[in-house]
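[1] pasting the structure only:
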């Protein structure tokens, strides 16, 4: 990853993958820093008014979830009405699937989306 980032230091795609990989490896501080830079690169606004480029929103949410920012993840999920099927079914999201807020969110979206 570092070699690729040396060749393309301004690639949001690579920086997003780096943040997620660091989070998955348990490198919390490094993952947080990479996520912060990634969000600066692909988002506008801040806090609850942060808007992330839709191409990267899933990776931002997943990285936040892996890093333990469940409150922020659920704040953002409530605005999603048409989630991708992987958000509902992929084991990547097991880090939040057991949270009662995830089940409540599933019930709040269209029934055909959660089956």
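    Okay, I see it. Every value quoted in this text rests on a predicted model; they were computed, and no experiment measured them.
[2] where exactly do the strands run in this structure?
    Taking DSSP state E as the test, the strands found in the chain are 43-44, 51-52.
[3] so what touches the last one?
    By that I understand strand 51-52. The contact list for strand 51-52 (CB atoms under 8 Å, 6 or more residues apart in numbering) reads 39, 42, 43, 44, 45, 60. Every residue, glycine included, has its C-beta placed from N, CA and C.
[4] swap the cut-off to 10 Å and go again
    Residues outside strand 51-52 that contact it (CB atoms under 10 Å, 6 or more residues apart in numbering): 38-39, 41-45, 57-61, 76.
[5] direction included, what does it pair against?
    strand 43-44 (antiparallel) (DSSP bridges).
[6] residue 92 contacts residue 23, correct?
    No - in terms of CB atoms under 10 Å, residue 92 does not count as a neighbour of residue 23; the distance is 11.3 Å.
[7] shared neighbours, these two?
    Residues touching both residue 92 and residue 23 by CB under 10 Å, 6+ apart: 62, 65, 66.
[8] just the pLDDT for the most centrally placed residue in the chain.
    Geometric centre of the chain, nearest residue: residue 61, 1.6 Å, by CA atoms, centre = their mean. Note on residue 61: pLDDT of 89.
[9] spatially nearest residue to it (excluding sequence neighbours)?
    Leaving aside its sequence neighbours, residue 61 sits nearest to residue 73 (CB to CB, 6 or more residues apart in numbering; 5.5 Å).
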